[in-house]
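model the following, please.
(one chain, ligands or ions: 1)
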Amino acid sequence: MHALRSFSVVTESLPLSYNEHEVFMRTNSVTNLPPFSNEPFTDFTTAENKRAMQEALSRARAELGHTYDLSIAGAATRTTTTFHSVNPATPSEIIGVHYAAGAKETLDTIHAAQEAFAAWRRTHVSDRVELLLRAAAMIRERHFDFCAWLTLEVGKNWAEADADVGETIDFLEFYAREALRLDSATTPIQYPGERNQLRYIPLGVGAVIPPWNFPLAIMAGMTAASIVTGNTVVLKPSPDAPTIAARFIALMQEAGLPDGVINLVQGGPEVGRTIVEHPQVRFIAFTGSKKVGLEIHERAAHTQPGQHFIKRTVLELGGKDTIIVEGDCDLDAAVDGVTASAFGFNGQKCSACSRVIVADSIYDTFCDRLKLRVQALTIGAPSENFQTGPVINEAAKKRVLDYIATGKQESRLLVGGSEKDLPGSGYYIEPTVFADVAPTSRLAQEEIFGPVLAVIRSTNFDDALTIANNTEYGLTGAIYTASRDTLNRASHEFHVGNLYLNRKCTGAMVGAHPFGGFNMSGTDSKAGGPDYLTLFTQAKSIAEKRGYVNEAVEEQEERMGI
Ligand code: NAD
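The predicted model follows:
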């Protein structure tokens, strides 16, 4: 495994005559931090890594069915009601048993976060950064164990689980560095005769409500961004992936998380609604479906008695992501990219390709090649590392099969089209492709969030662009072409938050591909990018007229860049 990265915290001596606390806040620093780089992917073809993953799966299996407490102000808390998560590949296998929060625990959690905010907002940024770096190092050490839990609780194959864990480490490392950068921010100019400062201060108590499909990376990323900027958090994970979140909180506590800074409640929509509406919850960081995101947006906009701020919502929602394939492209690369984007994690990614728009000149050849490629995908238990696995639950299976039934009426089935009965009775559906799909049909417009791909024919590039931009979403998109002019036009006219040229439309990398969508795909927060942390702060501008305090102190402060 990777070595722990070392870093240290230094405190410079403080001038005494200025506001001591403020000066302390601006001069402490984490040093020796290497520049950010993405966590490497694990090569599971080596015998060593294969064995490590199998051993981690055995360790996780030995702990299946364990009961996990809620965490309120650092205290393990139980209620009278429990629910459990199951392995989507073997639904009879219980992964974790969790206490369901009632109204009292939910309110207690918000109260705990409010209490902890008073101290956490004043905790030095270096301490907050150190916490994230420590957690990243610990996850790096337990990389395979987290992979194993992702495989068992949500059905990720090894590579998909590895990418989720790697992205989690990346978010922690990246936001740690970004917090330091934000802390050293200043005004663009110094007005003559004044000393001007710009400080990014926290908002208060935040709700973090993640989806089940990146139950570690997105959950940890939104949480880390919230706390490294000085906010405290009420975290409500998805009921489909509560165990991953509980294990992450346990790790954060081991890493030194102060009581009340992250509070964990488990439950469904009712718990989520109570948190969103609460007058002391200052912001909501949500990633999930368009339907729920819009409901949260409306609820948060409704001012509650006793509320004295406008709630902020950071909403990252669904997609109907498109790849355009032009006649002059490298066809092998396009077929590979479309297949990986559409069927990686069974199409259960917000960025998954669910429509491919193919130039008339290569349409039939592309369909033939795609059919062969998709037919070759193996399907089976994620723990045995098949290429595709089950969808998350019974409701998802029914939803996807309903879309397949619609597709069979509206268009031509190219490959797949049925559920699959495999040992373990998991929620398996064959990777499915429909050809000759009409650009405005349901299959071409609605997010399916499963292993279903629509192929649409385009008459020319103008037509392809018009179709690509014809949904209410705008999350990811890609284009395969050998023409520089076509790429340039796509860069300007393909209206998505994350556009990829001659590569697949999934697999955004922290730092390199800040992530977030346009239109109904969300508020375009650009997770993993340089603007993300500002969403969790408010900027305070301070202007001081010079000449009213000891000049020697001012000079010393200037030298220190305070
Ligand atoms: P979901 O909207 O059903 O649930 C997301 C979270 O919201 C869960 O924790 C859920 O318990 C909670 N919730 C449900 N109803 C609520 C309510 N009324 N009030 C408050 N909270 C509520 O989404 P999901 O099925 O978990 O995830 C899949 C969706 O997430 C897809 O639409 C996918 O495209 C989207 N997604 C988007 C991104 C992105 O970055 N844009 C990333 C991953 C997933």
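
point out where this structure drops to low pLDDT.
Scanning the chain for pLDDT under 70 picks out 1-29, 31, 554, 557-562.

give me that answer again for 90
1-32, 549-562 (pLDDT under 90).

per-domain residue ranges of it.
Following automatic domain parsing, one gets these domains for the chain: 58-316+531-541, 321-501.

which among the ones you listed is found nearest to the ligand?
domain 58-316+531-541 (2.4 Å; C-beta to the nearest ligand atom). The way it works is simple: take the backbone N, C-alpha and C, and place the C-beta from them, glycine included.

the closest one: end-to-end distance?
54 Å (C-alpha to C-alpha, to the nearest Å).

likewise stretch 370-390?
Using C-alpha to C-alpha, the two ends of stretch 370-390 sit 21 Å apart.

pull out the buried positions in it.
Using 16 or more other C-beta atoms under 10 Å as the test for burial, stretch 370-390 gives 370-371, 373-374, 377, 379-383, 385-390.

report the distance from it to the chain centre.
24 Å (C-alpha atoms, centre = their mean, to the nearest Å).

same check on stretch 544-555?
46 Å.

about what we covered before: could the domains of the chain be laid out in a markdown table, adding distance to the ligand?
Below are those laid out as a markdown table (distance: least, C-beta to the nearest ligand atom, whole Å):
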| stretch | distance to the ligand |
| --- | --- |
| domain 58-316+531-541 | 2 |
| domain 321-501 | 3 |
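
can I get those domains in a markdown table including distance to Ala47?
As requested, those are arranged in a markdown table below (distance: least, C-beta to C-beta, whole Å):
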| stretch | distance to Ala47 |
| --- | --- |
| domain 58-316+531-541 | 14 |
| domain 321-501 | 14 |
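
figure out which of these is closest to Ala552.
Closest of these to Ala552 is domain 58-316+531-541, at 14.5 Å (criterion: C-beta to C-beta).

what sits against Asp108?
Going by C-beta atoms under 8 Å, 6 or more residues apart in numbering, Asp108 touches 72-73, 77.

repeat for Asn460
Asn460 neighbours (C-beta under 8 Å, 6+ apart): 359-360.

change it to 6 Å
Contacts for Asn460 (C-beta atoms under 6 Å, 6 or more residues apart in numbering) come out as none.

torsion angles phi and psi at it?
Dihedral pair for Asn460: phi -160, psi -180, per degrees, to the nearest 10.

any idea how far it lies from Thr486?
According to C-beta to C-beta, to the nearest Å, Asn460 stands 11 Å off from Thr486.

same check, this time on Asp321
Distance, Asp321 to Thr486, by C-beta to C-beta: 19 Å.

Thr67: how many residues sit nearby?
12 (other C-beta atoms under 10 Å).

please apply the same query to Ser58.
10.

in three-state terms, label it for me.
Under DSSP: H, G, I helix; E, B strand; the rest coil, Ser58 falls in the helix class.

now do the contacts for it.
Neighbours of Ser58 in contact, by C-beta under 6 Å, 6+ apart: none.

for Pro215, see how far away it is.
21 Å.

can you tell me what sits against stretch 362-381?
For stretch 362-381, the surrounding residues in contact (C-beta under 6 Å, 6+ apart) are 89, 327, 335, 339, 358, 386-388, 414-415, 431, 433, 435, 457.

again, only this time at 8 Å
Contacts for stretch 362-381 (C-beta under 8 Å, 6+ apart): 89-90, 325, 327, 329, 331-332, 334-336, 338-339, 343, 356, 358, 386-389, 414-416, 420, 422-424, 426, 428, 430-431, 433, 435, 453, 455, 457.

again, but for stretch 446-454
289-290, 318-320, 338, 342-343, 346-348, 352-356, 374, 388, 391, 396, 399-400, 403-404, 407, 411, 416, 429-434, 437, 441, 443-444, 473.

for PyMOL, write the select line for the buried members of those.
For the buried members of these, the matching PyMOL selection, counting by 16+ other C-beta under 10 Å, is:
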select buried, resi 290+318+319+320+338+342+343+346+347+348+352+353+354+355+356+374+388+391+396+400+403+404+407+411+416+429+430+431+432+433+434+437+441+443+444+473
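
name the residues of the helix or strand containing Ile275 that come out as buried.
Using DSSP states H and E, Ile275 sits within helix 269-277. For helix 269-277, the neighbour count (16+ other C-beta under 10 Å) marks 271-272, 274-277 as buried.

quick one, phi psi at the closest residue to Ala301 other than its chain neighbours?
Distances taken as C-beta to C-beta, 6 or more residues apart in numbering place Lys311 nearest to Ala301, at 7.3 Å, with adjacent residues excluded. Note on Lys311: its backbone torsions stand at phi -70, psi 140 [degrees, to the nearest 10].

count the neighbours of Lys311 for me.
The burial count for Lys311: 24, using other C-beta under 10 Å.

with the one 4 residues further on instead?
By the measure other C-beta under 10 Å, the count of residues near Leu315 is 25.

in a strand, that's where it is, yeah?
Yes - using three-state DSSP, the assignment for Leu315 is a strand.

and it, how far is that from Ile95?
Taking C-beta to C-beta, one finds Leu315 at 28 Å from Ile95.

ranges for the helices of the stretch 101-250 of the chain?
103-120, 125-141, 143-154, 158-183, 217-228, 242-254 (DSSP state H, counting those that start in this stretch).

please enumerate the strands of the stretch 201-350 of the chain.
Secondary structure of the stretch 201-350 of the chain (DSSP state E, counting those that start in this stretch): strands at 205-209, 232-235, 262-264, 281-287, 312-316, 321-325.

by contact count, what packs against the third one?
Secondary-structure packing of strand 262-264 (3 or more C-beta pairs under 8 Å, 6 or more residues apart in numbering; DSSP states H and E): strand 70-72, helix 103-120, strand 232-235, helix 242-254.
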